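Undergrad: the sequence and its predicted three-dimensional model are supplied below.
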Amino acid sequence: QNFGFDVVLGDPRLALKEDLLAQDWRDARSGGTRGLRTTFVFSDLIKKAENYDFVFFDMGPSLGAINRSVLLAANFFIVPMSIDIFSLWAIKNISEALKIWGRDLSNGLKLAEDPKELEAFSHESRLKFLGYVTQQHKERTEKGSARIVEAYSAINEKIPDEVRNHLSDLMLPRKKLSAHLGDIKHLASLAPKSQTLHSPMINVSASGSYTSMRKQAREIYTAISDNFLNSILGG
């Protein structure tokens, strides 16, 4: 109720199903009905959420079986990026993984044992790259304005080219929109305070430095939300 939307809490026990999804993926690639139905588990969940405008999945930083099933069910994905060389490598890995998964799923569907069992699901390739957000970089104040420090800036400048080189096929048609949706800055203790109060960071009720941090959070996430919606609408 405090957040204004419904939240389904994650559970570490979901990771126990990783092996099941991995095993059934092998069956899915060869057209097995059980494997394909298991692979579409999150597609089924989304179909049941038809009264919602958006369904968001907060995924861990991996290309494992659970995340594969989520991405195969989704319309869009956003990449949160720390400004380091590992994130640059991750862009390439994501691109390669999505191509392989799409090809394997397409082959599996062509070999499906019982196509009628899968009629409820849309099998068209619809996943698009909506953009990325950067986080956890340090800044220094110079002449009254914040600047990203040089060590981070060198890597940050490489990100747009890496995105264009590896994810351009999945990008939405844009007018003058950037794939960079915004920066998520470190807001000191605002995040743990938000968790303690069970309240969004933009609505944390606390005095002192929390007032300015709450204002910053509202500005940051409002800008990202606007860019998110503009990207979907095509600018």
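TA: Now that the structure is in, tell me what you want to look at.
Undergrad: excluding covalently adjacent residues, which one is nearest to the most centrally placed residue in the chain?
TA: In the chain, the residue lying closest to the centroid (CA atoms, centre = their mean) is residue 78, at 3.7 Å. Of all residues not flanking residue 78 in the chain, residue 130 sits nearest, at 5.2 Å (CB to CB, 6 or more residues apart in numbering). (Glycine included, C-beta is placed from N, CA and C.)
Undergrad: so that neighbour: helix, strand or coil?
TA: strand (DSSP: H, G, I helix; E, B strand; the rest coil).
Undergrad: pretty sure it contacts residue 74?
TA: No: with contact defined as CB atoms under 8 Å, residue 130 does not reach residue 74; the gap is 9.8 Å.
Undergrad: residues shared between the contacts of the two?
TA: Both residue 130 and residue 74 lack any common contact, where contact means CB atoms under 8 Å, 6 or more residues apart in numbering.
Undergrad: quick revisit: now the residue nearest to the centre of the chain: how far from residue 34?
TA: 31 Å (CB to CB, to the nearest Å).
Undergrad: likewise residue 227?
TA: Distance of residue 227 to residue 34, given as CB to CB: 40 Å.
Undergrad: these two - which one has more neighbours?
TA: residue 227 (20 against 12; other CB atoms under 10 Å).
Undergrad: once you drop chain neighbours, what's closest to that one?
TA: residue 181 (4.4 Å).
Undergrad: can you tell me the helix or strand for that neighbour?
TA: Secondary structure assignment for residue 181, by DSSP states H and E: strand 180-184.
Undergrad: what packs against that strand?
TA: strand 128-135, helix 209-233 (3 or more CB pairs under 8 Å, 6 or more residues apart in numbering; DSSP states H and E).
Undergrad: what does the first one contact?
TA: Same thing as strand 128-135. By CB under 8 Å, 6+ apart, strand 128-135 touches 75-83, 156, 159, 163, 167, 170-172, 178-186, 224, 227-228, 231-232.
Undergrad: from the chain's centre, how far out does it sit?
TA: 7 Å (CA atoms, centre = their mean, to the nearest Å).
Undergrad: let me see the confidence value for the residue nearest to residue 78.
TA: On pLDDT, residue 130 comes in at 94.
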